[in-house]
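*Asks:* Fold the following.
(2 chains)
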Amino acid sequence: MSKLILTVDDSASMRMLLKTSLTAQGFRIEGANDGAHGLERMHEVAPDLLITDINMPRMDGFELIEAVRGIPQFRGLPILVLSTEFSDEKKARARVAGATGWITKPFEAAKLGAAIRRVCP
Amino acid sequence: MSQELDEIQAIFFEECAEGLTTAEQGLSAMAAGDVSAEVIAGVFRAVHSIKGGAGAFGHAALTAFSHRFENVLDEVRAGRIAPTPAVTAVMLTAFDILSDHVAAAKGTAPLPDDAAALAALDEVLTGKAAVTPAAPLPAPVAEADEFGFTPVAAVVEEFDPFGFEPVGVVLEELEPAGSADWTVRFGPSRAALANGAEPLLVVRELEGLGGQITGVDADALPGLRDLDPEDSYFIWTLSVPGTVARADIADCFDFVSPDSVVEIERVATEAPAVIAAEPLVAETPPTLASLPPVAPAAVAPATSPAESVRHVEPPAQTIRVELTKLDMLLNLVGELVIRGSILADRLSPADQQRVELPELARLTREIQDNVMSLRAQPIKQAFSRVPRMLRDLSAETGKQVLLETLGEMTEVDKGVIEKIGDPLTHMIRNAVDHGIESPAERVAAGKSPEGTIRLSAEQKGARIFVRVADDGRGIDRARVRAKAVEKGIVAADAALSNEEIDQLICAPGFSTAETISNISGRGVGMDVVRSNVEALGGRVEISSVPGQGTTFTMILPLTLAILDGMVVRLAGQRYVLPLAAVVESVKPEPGQVRPMSPTSDVIELRGNYLPVRRLTDVFGFATNGSRAPEDSLVIIVESEAGPVGLMVDTIEDRREVVIKSLDQNLHPIRGLGGATILGDGSIALILDVEALVGGAASTFHPLKGLAA
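*Replies:* Model (predicted):
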């Protein structure tokens, strides 16, 4: 069974781009358009991996990660941040919130796929 | 670009339009004096999204400009730049240029001249202070940014304002292929699992590069009580072939959190996990005075490569080989031997001669002997740190101790040598702390003021006996017993033999910090010694004579050895007895074997009476009434406790067998030294004579269902 990934990004084009490039690599992709929506969808989707943006309306990536980590079922879930942000401070915040890794946008499809397989083989 | 991507890009431009609208509204509000966090965040997010999408679709100029714009917005958002009317004016100008950039990316307008706008943005940034440098940010060195997240993608050509290098574009790649192997140390962050990172994946990935685990540092592992199953405690050492680029190794650690241990180093000149043939050097028996100091860590378990070869004298001609290769070779030769005996079983003697099977078997055996000797190392390696330790202990305790060493050239499998270091240390420390008396006490007891510890090793059959014997005060059995009763280890009215009391020292829970000070006998950490040795498939025996001293014996397996064995039948099953232990076999006459008690017999042999063990009873086999002794065979074996008879049904064969360890495939079982595959392909268990007879024969209890 291929891995199921929930991508959370407020940009529809980014979600589509992720879906297109990752589906081509054998992943199954679900999407949500901001943190709050992502949190809502977590139970329904029960993904193998969560990929989230940081800057989003309603609930940002940090809050989403913290909330997801607080759910016992997802304590061990790999969570990758995919953001154009790159400051050490943001990365540290994501780490504290419980993120597994940080990938800086823009991404290269093959490398993103490799990174995903790294945390979610 | 594919049609699909074109469609996505069209959506991106729609988002850009929305984003520009949001940004314009926000900036207008700011210009009108509404500088609430919400408004500023909205503008930031809009520009940020444009940057992200622009990067993804390769619009370098748009990405670059929006990045510089975003830097200023980020500072404003963070409160480090005040949104003064002047700043807002600069941002409004920047917004206009951003709109032009979006149009240019769409292809509907020429690339705008953004120099003035960029200069204005930079001025805002630098005007703020020198705290935040203008973009581009300095590139962090590849492989480990301080926060542990290392970017995976850095993509768009001609543009790298983020200062991120793709992981590891580094000089090491220029090193010639085939240079020295990498030593990679990886200690997962203690919180790795909490962040959804699975350290095992990193190890697997390194293995995928040809890496092999060569060592584990388990020092941080707490006792079971304090162990948090979701914590990470080990530091793994892996050897990765030198042909792998450093960047590829670094890649494996992409998602390793910053507080992990990650070290990637070329091994200087030494290959990892090597063994080196050690020249046989004649040495006078060492005394405390004659031996040079030796680093105590030299034979610590899981020694690092450097340590494991530290004591090698300059060899004339040696070649270093990875241990795993030897193991593989040994295993294969073992299989070959087994196949050979299967062939021998299936071919008639004439056919065997015709295909020259005996010659093949002889060669196979020679190969096997040679491979075994490659893995074997003199136990001297484990003994070498003892003199230094004794000197330290002498200084600490004020006791004078002489060391005598015997059999240090006894060859033992390297794996065993590496693992007996700790138990040996415990035993020596015990001997000095609790066995050897102070010089004054010794003189008062009519002994020389100097105590003696005799450290010896010898091979008997498939076992290595390592002894630590002192000439101290011996075990104070009354106190040991009292302590054991107090601790609830034995009942107050238990009938215990001396040997059983001595064994209590190794009972779990007997040794505690408290007993160190107030038990005059032994007790420090001996349960640890026992569990360590048992984990090796060995056992510990204790003998003590009050006033004269105590001897601790570690009886260890020669792992993967070949055994000269006697195949015997017992209740319809076949077992292998190590031939080295067998003295003779006797077909008893009626009346020659007599019961001594319901559970023990003796055999009369040339006027002597020897104890006899019925192995069917020992293994708890249900037998239809006891087989009459005269229908059985009694095999007299030599044991630590003297000759003992083992009663079996028949002898089937004598053959060499390859020992397959039970510990590795199952778990250690007292009474069994391993298993083997016989010529016909069936499996036979190898009997451990010492355990069956029991070092302290009187304390032996039946092994119920082999599970003792």
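*Asks:* Quick check, B:F619 in contact with B:R613.
*Replies:* No - with contact defined as C-beta atoms under 8 Å, B:F619 does not reach B:R613; the gap is 10.3 Å. For glycine as for every other residue, the C-beta is placed from the backbone atoms N, C-alpha and C.
*Asks:* Dead centre of chain A: give me the residue that sits there.
*Replies:* With distances taken as C-alpha atoms, centre = their mean, the residue of chain A nearest its centroid is A:I51 (0.9 Å).
*Asks:* Single out the residue in chain A that lies closest to chain B.
*Replies:* Using C-beta to the nearest C-beta, the single residue of chain A nearest to chain B is A:P106, 3.0 Å away.
*Asks:* what about that residue, which SS state?
*Replies:* Look at A:P106: counting by DSSP: H, G, I helix; E, B strand; the rest coil, its state is coil.
*Asks:* pLDDT wise, what is it at?
*Replies:* Per-residue confidence at A:P106 stands at 75 (pLDDT).
*Asks:* swap in B:A622?
*Replies:* Taking B:A622 on its own, its pLDDT is 66.
*Asks:* Equivalent analysis for B:A457, please.
*Replies:* pLDDT, B:A457: 92.
*Asks:* what about stretch A:2-12 and chain B, touching?
*Replies:* Yes - Stretch A:2-12 lies within reach of chain B by C-beta under 8 Å from any C-beta of the partner chain, at A:10-12.
*Asks:* can you tell me which of the residues you listed lies nearest to B:S438?
*Replies:* Nearest to B:S438 among the residues of stretch A:2-12 next to chain B is A:D10, at 79.0 Å by C-beta to C-beta.
*Asks:* How about the secondary structure of the closest one?
*Replies:* Following three-state DSSP, A:D10 is assigned to coil.
*Asks:* Burial check on the residue nearest to it when sequence neighbours are not counted, number of neighbours?
*Replies:* Distance criterion C-beta to C-beta, 6 or more residues apart in numbering or on different chains; nearest residue to A:D10, sequence neighbours excluded, is A:M56 at 4.4 Å. Taking other C-beta atoms under 10 Å in any protein chain shown as the neighbour definition, A:M56 ends up with a count of 25.
*Asks:* what residues are up against A:M56?
*Replies:* Contact analysis of A:M56 by C-beta atoms under 8 Å, 6 or more residues apart in numbering or on different chains lists A:8-10, A:33-35, A:64, B:45.
*Asks:* Kindly indicate the member of the residues you listed with the most neighbours.
*Replies:* Each of those was scored by neighbours using other C-beta under 10 Å; the highest score is A:V8's, at 31 neighbours.
*Asks:* list the contacts for that residue?
*Replies:* Under the criterion of C-beta under 8 Å, 6+ apart, the contact list for A:V8 reads A:31-35, A:37-38, A:50-53, A:56, A:61, A:64.
*Asks:* try it again with 10 Å
*Replies:* Listed by C-beta atoms under 10 Å, 6 or more residues apart in numbering or on different chains, the contact set of A:V8 reads A:15, A:18, A:30-39, A:41-42, A:50-54, A:56, A:59, A:61, A:64-65, A:68, A:79, A:82.
*Asks:* Tell me which of these fall in helices.
*Replies:* Among the contacts of A:V8, the residues falling in helices (DSSP state H) are A:15, A:18, A:35-39, A:41-42, A:61, A:64-65, A:68.
*Asks:* Highest neighbour count among those residues?
*Replies:* Tallying neighbours with other C-beta under 10 Å puts A:I65 at the head of those, with 32 neighbours.
*Asks:* and the gap between the closest residue to it other than its chain neighbours and B:L201?
*Replies:* Excluding its sequence neighbours, the residue lying closest to A:I65 (C-beta to C-beta, 6+ apart) is A:A97, at 4.1 Å. Counting by C-beta to C-beta, to the nearest Å, the gap from A:A97 to B:L201 is 21 Å.
*Asks:* Quick one: residues contacting A:T23.
*Replies:* By C-beta under 10 Å, 6+ apart, A:T23 lies in contact with A:2, A:5, A:29.
*Asks:* Apologies, that question was intended for B:E7.
*Replies:* For B:E7, the contacting residues are A:13, A:16, A:20, by C-beta under 10 Å, 6+ apart.
*Asks:* still on that earlier bit, rebuild the contacts of A:M56 as JSON lines, extending it with pLDDT.
*Replies:* Listed next are the contacts of A:M56 as JSON lines, based on pLDDT from 0 to 100:
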{"residue": "A:V8", "pLDDT": "94"}
{"residue": "A:D9", "pLDDT": "91"}
{"residue": "A:D10", "pLDDT": "87"}
{"residue": "A:N33", "pLDDT": "88"}
{"residue": "A:D34", "pLDDT": "89"}
{"residue": "A:G35", "pLDDT": "90"}
{"residue": "A:L64", "pLDDT": "92"}
{"residue": "B:R45", "pLDDT": "86"}
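*Asks:* of these, closest to B:L98?
*Replies:* Of all the contacts of A:M56, B:R45 has the smallest distance to B:L98: 14.0 Å, by C-beta to C-beta.
*Asks:* ok, B:R365 touching B:V333?
*Replies:* Yes - contact criterion C-beta atoms under 10 Å: B:R365 and B:V333 qualify, at 9.2 Å.
*Asks:* between these two, who's got more neighbours?
*Replies:* Counting neighbours by other C-beta under 10 Å for B:R365 and for B:V333 shows that B:V333 has the greater number, 21 against 16.
*Asks:* Chain neighbours aside, what residue packs nearest to that one?
*Replies:* Leaving aside its sequence neighbours, B:V333 sits nearest to B:Q368 (C-beta to C-beta, 6+ apart; 4.6 Å).
*Asks:* how far away is B:L646 from B:G673?
*Replies:* From B:L646 across to B:G673, the span is 14 Å (C-beta to C-beta).
*Asks:* Need the overlap of contacts for these two.
*Replies:* Jointly contacting B:L646 and B:G673 under the rule C-beta under 10 Å, 6+ apart are B:577, B:687, B:689, B:692.
*Asks:* any idea which element the residue in the stretch 301-450 of chain B that chain A sits nearest to lies in?
*Replies:* Taking C-beta to the nearest C-beta, chain A has its nearest neighbour within the stretch 301-450 of chain B at B:T324, 23.9 Å off. Using DSSP states H and E, B:T324 falls within helix B:323-346.
*Asks:* Output the contacting helices and strands for that helix.
*Replies:* Here helix B:323-346 touches strand B:212-217, strand B:274-275, helix B:349-354, helix B:357-375, helix B:414-430, strand B:562-570, strand B:650-658, strand B:672-677, going by 3 or more C-beta pairs under 10 Å, 6 or more residues apart in numbering or on different chains; DSSP states H and E.
*Asks:* Export the ones you listed as a markdown table, with columns for mean pLDDT.
*Replies:* A markdown table is the format used below for the helices and strands packed on helix B:323-346 (pLDDT from 0 to 100):
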| stretch | mean pLDDT |
| --- | --- |
| strand B:212-217 | 85 |
| strand B:274-275 | 41 |
| helix B:349-354 | 86 |
| helix B:357-375 | 83 |
| helix B:414-430 | 84 |
| strand B:562-570 | 81 |
| strand B:650-658 | 81 |
| strand B:672-677 | 83 |
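*Asks:* Highest mean neighbour count out of the ones you listed?
*Replies:* strand B:672-677 (a mean of 24; mean count of other C-beta atoms under 10 Å in any protein chain shown).
*Asks:* Next SSE downstream of that strand?
*Replies:* Strand B:672-677 is succeeded, C-terminally, by strand B:683-687 (DSSP H and E).
*Asks:* what helices or strands is the longest strand seen in chain B leaning on?
*Replies:* The residue-count maximum for a strand in chain B (DSSP state E) belongs to strand B:450-460. On a contact count with 3+ C-beta pairs under 10 Å, 6+ apart, strand B:450-460 meets helix B:380-383, helix B:386-397, strand B:400-406, strand B:411-413, helix B:414-430, helix B:439-444, strand B:463-470, strand B:549-557.
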